[in-house]
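1. pasting the sequence and the predicted coordinates here, then a few questions.
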Amino acid sequence: MRVLGTLHDSLYAVLKPDVLIIGDDPVIGLLIALRVSSEGGTAILTPSGLCKEDWPSADYGAISNSEATCWTPEIALELSKWLGPGFREATLARAVTGLTAACARTERVHLIADAMIQTSSDHCRGIWGKKPLFPVALNEIQGPVHPLWTFIRRDLPVLRFNRREMELLMPSKVILTTHPSKFVEQSSAMTKAGLFREGRNYRDNWEAERLEDFRHAGLMTLQ
């Protein structure tokens, strides 16, 4: 069975989702995936952490982990716009469960749980005009990811790179939810969201900034 538009018109098994969401902001990633799938699109979530030596600042790890789990009644109310009125007073745990279940029901959201993604520096033979994305080599040191992903992968369909179904990724759109790893070369074509949202302030008024993360993510579409 072929999933998410796997193509064999090249030398490789190429997966072409509408949106690839890279980063370590699990809740925002789920919300974006739900928005994309609700419009009939396909989305792949790929957790991506940073090694300490790659942090953009000395306190990045502590701040990003804390902000990723920042939760307020206002955020719950905002999220209920997409999950329904029963989530107006939801806890973070219930929100994650609800988002994961909603994504799974669409059958258009998948998770890559066992490999980080890297951008390519050149074109591949047989694939012209675009630069696909690859899994990071197993011998490369990869940063840890948020513990919430452990719970999310229990209920979302998981994809793995293999020679038959998926060797490369060629998404129509790439969204970064946290500062990208050294394996990902940023480009102007990539969209920033969540903890990596354009203009976001990490150090002041966490709760207000986090609420804006959810508002921004809720407006994301396939376009």
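-> Thanks, I have the structure now.
2. so which residues of this structure form strands?
-> Here the chain has its strands, by DSSP state E, at 14-15, 19-23, 43-47, 109-112, 117-119, 133-135, 158-159, 168-169, 173-176, 191-192.
3. tabulate those strands in JSON lines, adding columns for mean pLDDT and distance to residue 74.
-> No exception for glycine: its C-beta is placed from N, CA and C like everyone else's. Formatted as JSON lines, those follow (pLDDT from 0 to 100; distance: least, Cβ to Cβ, whole Å):
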{"stretch": "strand 14-15", "mean pLDDT": "79", "distance to residue 74": "37"}
{"stretch": "strand 19-23", "mean pLDDT": "94", "distance to residue 74": "23"}
{"stretch": "strand 43-47", "mean pLDDT": "94", "distance to residue 74": "25"}
{"stretch": "strand 109-112", "mean pLDDT": "94", "distance to residue 74": "26"}
{"stretch": "strand 117-119", "mean pLDDT": "80", "distance to residue 74": "33"}
{"stretch": "strand 133-135", "mean pLDDT": "77", "distance to residue 74": "35"}
{"stretch": "strand 158-159", "mean pLDDT": "88", "distance to residue 74": "33"}
{"stretch": "strand 168-169", "mean pLDDT": "82", "distance to residue 74": "35"}
{"stretch": "strand 173-176", "mean pLDDT": "94", "distance to residue 74": "23"}
{"stretch": "strand 191-192", "mean pLDDT": "94", "distance to residue 74": "22"}
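4. what about the closest residue to residue 31 other than its chain neighbours, neighbour count?
-> Of all residues not flanking residue 31 in the chain, residue 217 sits nearest, at 4.7 Å (Cβ to Cβ, 6 or more residues apart in numbering). When neighbours are counted by other Cβ atoms under 10 Å, residue 217 registers 26.
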